[in-house]
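Chemist: model this:
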Amino acid sequence: MMGSATYYGKSHLDFKVQPKIKSRKTRIYSVINKRFCEKIGIIYWNGAWRQFVFEAQPCIAMSRSCMKEVISFIDKLMVQWRKGRK
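Modeler: Down below sits the predicted model:
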């Protein structure tokens, strides 16, 4: 289980693009806890929902600020995806 980290107004998370998979049109991103260098989940395109989604590892507890970071990153991906469709 992930430990706790003190928040000082800086990012808790890193978002790392994974190598391209031939069968996928969109990339997968690992979400990494900076303090513990732990992968806490992935962000990927869910075709049925027509949006990027976050899938957390089991037993991951996240603060509101971490959740906001994930949401903000997904929002940026969605903007890029929409621009690519025009």
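Chemist: Grab the nearest non-local neighbour of residue 16.
Modeler: Counting by CB to CB, 6 or more residues apart in numbering, residue 16 lies nearest to residue 30, which is 4.7 Å off, once chain neighbours are set aside. Where you see a C-beta, it was placed from the backbone N, CA and C, and this is true even at glycine.
Chemist: Is residue 61 in a helix, a strand, or coil?
Modeler: Assigned by DSSP: H, G, I helix; E, B strand; the rest coil, the conformation of residue 61 is coil.
Chemist: Report how many residues lie close to it.
Modeler: 11 (other CB atoms under 10 Å).
Chemist: Tell me the bridge partners for the residue nearest to residue 16.
Modeler: With DSSP bridges as the criterion, residue 30 is bridged to residue 16, residue 42.
Chemist: close enough to count as contact, it and residue 39?
Modeler: Yes - with contacts counted by CB atoms under 8 Å, residue 30 reaches residue 39, the gap being 5.3 Å.
Chemist: Residue 78 sits in which helix or strand?
Modeler: helix 64-85 (DSSP states H and E).
Chemist: Model confidence score at the residue nearest to residue 16, please.
Modeler: According to the prediction, residue 30 has pLDDT 97.
Chemist: Make sure residue 35 is indeed in a helix.
Modeler: No - judged by three-state DSSP, residue 35 forms no part of a helix; its state is coil.
Chemist: got a pLDDT number for it?
Modeler: pLDDT at residue 35 comes out at 89.
Chemist: Share the number of residues neighbouring it, please.
Modeler: As a burial measure, residue 35 scores 13 neighbours (other CB under 10 Å).
Chemist: Fine, thanks again, bye for now.
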